[in-house]
Each structure stands twice: as structure tokens, then as C-alpha cells.
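> Provide a 3D model corresponding to the input given below.
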Amino acid sequence: MASGLNALLALDVGTTSVKACVFDRSLRRIGTAQAENVLETPRPGIVELDADACWKSALAAILQAVASAGLRPVDLAAIAVTTHGETLVPVDAAGVPLRKAIVWLDGRAVDEARAVSALVSDEDFHAATGISGVSPSCPLCKVLWLRDREPAIWARTHRVLLLLDLLLHRLTGRFATDRCLASSTGYFALRTDDVWRPVLDRMGLGAEWVPEPLPPGARVGRIRSGLARTHGFDARLVVVTGGMDQAASAVGAGNLRTGTVTETTGTALVVAATVDDPSVVRFPLNVMRHAAPGRFLALPYNPTAGIVLQWFRDAFCREESERCTCDGRSAYACIDALAEKVPPLAGGLLLFPHFAGMLAPVVDPAARGAFVGIGLDAGKGHFARAILEGVAYMLREQIDLLPESGSRTAGIISLGGGARSPLWLGIKASVLDRPVRVLEESESTALGAAMLASVAIGWHGSLEEASVEVRVARRFDPEPAETAAYAEGFARYKALHPLLSALPR
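Numbering: from 1, shown residues only. Okay, the predicted model is just below:
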């Protein structure tokens, strides 16, 4: 590729990793690099992240991805930033973090959630913000926690930034947020695209700490001159808002119109259905701003899905992981091989996969995971299969919550790390009794952010025009015999929450 402004870079910051992907003018991925985010869990319920370390990982990933594409930083025309939602950090007037970032999985703000719930009902909270209810994971509650529990830090706080906001500031020097991402905070009004001032006033918070809200795909500014000089970026390089990762992923999957449904099995399990009118999304189903202009996403999700498989790998499959590493294979491929030897229903072993609270179909922050039906014949393969099946049942339960237009969809587009497992995709198809499709471009979140950047700088006229580059790689159809078995398994699964929630906690 000739030198010049001929490439886009999408920075995709997940919960446990930072990924940078380089795309050419036809939105073909030509370079990728990845680094880890190290989560800190000093106490039960506390999950934090070093925001400065995250920025350093992001910058390193950007430079490595450019090099892997055979390019130089000066060749980039734009960088689009997309991140997971709800992780926040207070910063001073220079944008310097005043403490560790509080990760979305963190559940410290229990008392603050009760205080907000006493002022506004879950139904009214949903009507204003699109969020199904107040929980300790809600950023609004964590901002209250910061104000009341760390007053010395709060006194120095100039802005409370989401992780995307922090990266935008590091790249451009501008304090800004993305309206799509902000709609997950609890302090942003869905219909007005602005802070929800009535609730902030009632909580005595004001709104001066919220950065300027911009639409997804907005040009935040040009890259900082110091970064350009130090690392060789062109001074004309534009930084673009890339939306919340789930919305960017929907864009990258071509999920731009009513009736399209995607599911992402990553750390969390997130279902996304495009709707034109948020009023069709009934309480308690979450709804947020789409990254596509004028549209919304019905977004049922639960916080633990793929992370349960990661927990199983780290806690119980060290031997398999080491063997796979030596053979040059993924540890998850080895776990799949164990699960594949076990027939459907895992010998009666059933997983309730809500390891860090439940958000759909009901909000239950105290919910915890459980394996039920363990027999003396149960081995690692049974537990591995039960995890794959339990997450598939959770997926079916979330899809059943969708508005009528979405629930009639003929098939589901599967995204995220879970889409790399043919076994898991087949299980999902049979549990859902619907086709499941996977795309040629596995990095759909990065592709969606790149599409937003391409439109922002005029390489494509619209997201619809850019979406012609989205192609299906494979389709998984339900197996009738397995579908019948999984209907029985799903009935057992749905009975678990009432039984488990009745136990003393």
C-alpha cells in the first residue's frame, strides 16, 4: 500500500483485553495487535483497573497493529475508539486519573443503589434511561459512592470519565463522551441525548462532572501534536467516537434495521435487536442508543458468560491449557474437545451461569452461579458441556424478552469469542431452534468502529453503504433430536432461579 492517509484503525477496549485493528479503504482488516487489561479484585465485590496502564496498552497495541499491517503511523487517516460500557474513573483538570478505574463488574455501590431506588422506581428509571433497574453496578450509583465515600478525591474531580472518554482525551485533549456509551450510565436521558438532570439534582450531584456528549461516529478532533511528533502520526489524523462495543459490534454485523438480532458471547452475554422506537421495548428489557443514527438497540444482557468458561479454564483445566499451548492450540479448543465427547444435557448436569448477579429476565444482583445434578460419573467434559449449554439457555431466555419484531427473526448472528467455537454455535442453534450465522470478519466490533470512522471522514456515504462489506461465513442449523432434548433442559433451567433465590443469602 502506498504511503499516505490510506488506512483506518479501530481501538476496541474490552473488559480483559485491548485490541487494535487496521483496515484499508475497502474495510478489509490488514493488521491486528492485542494486549491484556489486568483486573484487580482486592476484596469481594471490588473490581478495578489501572487506567494509565490501560492507556499504555492501547497505545502499544495501536503501534503494533500498524506495524503488523506493514504501515507506518503516518498512514492512518482516522482512529475510532470503542470500549465496553460503565467502567469509570474520576480525573483532574489535566485528565489525570485520581484513583483506579471502577470496572462495570464492580458491585460496591449497594447502599447507593438503595438510595437511588428510594427516589425513583425501576419503571421510571427505565422510562428515562432505558436501563431495566437500579443496581450496584450502575455508574450513577458508583458516582454517588465516589462522592460520599471518597470526598477528598471527589473534591479534586474535574470530570468522571468512562474508559472511552479517557482514551479520547489522551488522544485529542478534549473531554467528550459518546451518547451511545453514555446511555448505559443511569445519568443520561435516552430520549433527550443529554444528562438526566432531574435525578442528578435530586441526588445533589449537578452535571458539571459529565463530559460533553457527542453522537457515535463524531469527529472528536485531531490527534494531539505531542503524540503525533513522538510516534509519527500525521497531524491530520482524526479521532472518532466508536460507540459502546455492543453497538459497534451490531454495526459491524450489519445489524442496522428492525428485525435483525445479534448475540455476543464475550465476557458477558449481550443480545442486540435494532428498533426504531424505544417505546416498543417494554420494562424490564434494556434499551440504548444505537451507533446507527436515529435507531435504538433492545439489549438484554447478563454479566457472566464467556468469563465462566475462562474461570473453568483457569481453575480446573491448567493441565489441558499447558498441553494445548505446547501444541500451538487454544485452550478453549481443548475444552471444546472434552465437551464434545459428552452427549446433550451433560448427563443431567445443569449450570445456572449467573456468577456475578442477574440482570435479565429479572434484576437480582445477589444471584450467584450453581451447578445442579452432579453425579459420580461427572468429569471435566460434563462440566465443560454444562457451561456451553447453560450459557445457551441464558441466551434463549434473553431472546425471548425481545419485542415481537425481533423475536420472529429467522436466525441469529453470533459474535464475540464464543463464535469461534463450532460446538457452541451448534448447541445454540439447537437450543434456540433457529439458524445461527457467523461472519467472515471475526472482529465485528472493530469493523463497526472502522465503519463509523469511514463515514466520518467521507470514505463511505453511510453505514448502510459500508455494510455491503459484511459477509456471512457459515450457518449452523438446529439438529431436531437435540432441539427436543434441549427443550427439556431449558425447562429445567428456567426453574433454577426461583429455587436458588429462595435459599438464605
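> name the next helix or strand downstream of the particular helix or strand that has Ala466 in it, please.
Per DSSP states H and E: Ala466 is located in helix 463-466. Sequence order places strand 472-476 as the next helix or strand after helix 463-466, per DSSP H and E.
> show me what the helix holding Ala466 is in contact with.
With contacts defined as C-beta atoms under 8 Å, 6 or more residues apart in numbering, helix 463-466 is touched by Leu27, Gly217, Val251, Leu256, Ala292, Pro293, Met451, Leu452, Ser454, Val455, His460. Using the backbone N, CA and C atoms, a C-beta is placed for each residue, glycine as well.
> got the buried residues for that helix?
If you call a residue buried by 16 or more other C-beta atoms under 10 Å, then helix 463-466 has these buried ones: Leu463, Ala466.
> quick one: mean pLDDT for that helix?
Regarding helix 463-466, the rounded mean pLDDT is 94.
> go on, stretch 287-304?
Rounded mean pLDDT across stretch 287-304 is 91.
> what's the answer for stretch 157-168, then?
98.
> circling back to that earlier point, which two in the contacts of helix 463-466 are spaced the farthest apart?
The most widely separated members of the contacts of helix 463-466 are Leu27 and Pro293, with 18.6 Å between them, by C-beta to C-beta.
> more neighbours, the two?
The neighbour count for Leu27 versus Pro293, taken as other C-beta atoms under 10 Å, is higher for Leu27 (21 against 13).
> what's the spacing between Asp364 and Asp336?
30 Å (C-beta to C-beta, to the nearest Å).
> ok, the two, which is more surrounded?
Applying other C-beta under 10 Å to Asp364 and Asp336 shows that Asp336 carries more neighbours, namely 20 against 17.
> the more buried one contacts Ser421, doesn't it?
Yes. Between Asp336 and Ser421 a contact is recorded at 5.5 Å, counting by C-beta atoms under 8 Å.
> number of residues surrounding Val281?
So Val281, with other C-beta under 10 Å, has 26 neighbours.
> for it, which residues are in contact?
Applying C-beta under 8 Å, 6+ apart, we find Val281 in contact with Gly130, Val275, Val287, Phe296, Ala298, Pro403.
> try it again at 10 Å.
For Val281, the contacting residues are 126, 130, 132, 190, 273, 275, 287-288, 296-300, 401-403, 406, by C-beta atoms under 10 Å, 6 or more residues apart in numbering.
> check Asp52 too.
Val89, Val96, Pro97, Lys100, Ala101, Leu166, Arg170.
> if you set the cut-off to 8 Å instead, what comes out?
Residues in contact with Asp52 (C-beta under 8 Å, 6+ apart) are Pro97.
> is it in a helix, a strand, or coil?
At Asp52, secondary structure determined by DSSP: H, G, I helix; E, B strand; the rest coil is helix.
> and for Leu297?
Quick answer, by three-state DSSP: Leu297 is strand.
> quick one: neighbours of it, just the number.
28.
> and for Gly294?
Neighbour tally, Gly294, other C-beta under 10 Å: 7.
> surely Ser501 meets Ala367?
Yes. The pair Ser501 / Ala367 is scored as a contact, 6.9 Å apart, by C-beta under 8 Å.
> so these two - more neighbours on which side?
In this view Ser501 and Ala367 are compared by other C-beta under 10 Å, and Ala367 has more residues nearby, 22 against 13.
> now for this structure, the helix or strand with the poorest mean pLDDT.
When the helices and strands of the chain are compared on mean pLDDT, DSSP states H and E, helix 404-407 comes out lowest with a mean of 50.
> returning to what we had before: and the helix holding Ala466, C-alpha only, in PDB?
Provided in PDB are the C-alpha atoms of helix 463-466 (Å, rounded to 0.1, in the frame of the first residue of the first chain):
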ATOM      1  CA  LEU A 463     -23.300   2.900   7.400                       C
ATOM      2  CA  GLU A 464     -25.700   1.200   5.000                       C
ATOM      3  CA  GLU A 465     -23.200   1.700   2.200                       C
ATOM      4  CA  ALA A 466     -20.400   0.400   4.300                       C
END
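> could you export the helix or strand where Gly243 lies as CSV, CA atoms only?
Assigned by DSSP H and E, Gly243 belongs to strand 238-244. The C-alpha trace of strand 238-244 is given here as CSV (Å, rounded to 0.1, in the frame of the first residue of the first chain):
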residue,chain,number,x,y,z
VAL,A,238,-8.9,12.3,13.1
VAL,A,239,-10.1,10.6,16.2
VAL,A,240,-13.7,9.4,16.1
THR,A,241,-16.3,8.2,18.6
GLY,A,242,-16.9,4.5,18.1
GLY,A,243,-19.8,3.9,20.4
MET,A,244,-20.2,1.3,23.1
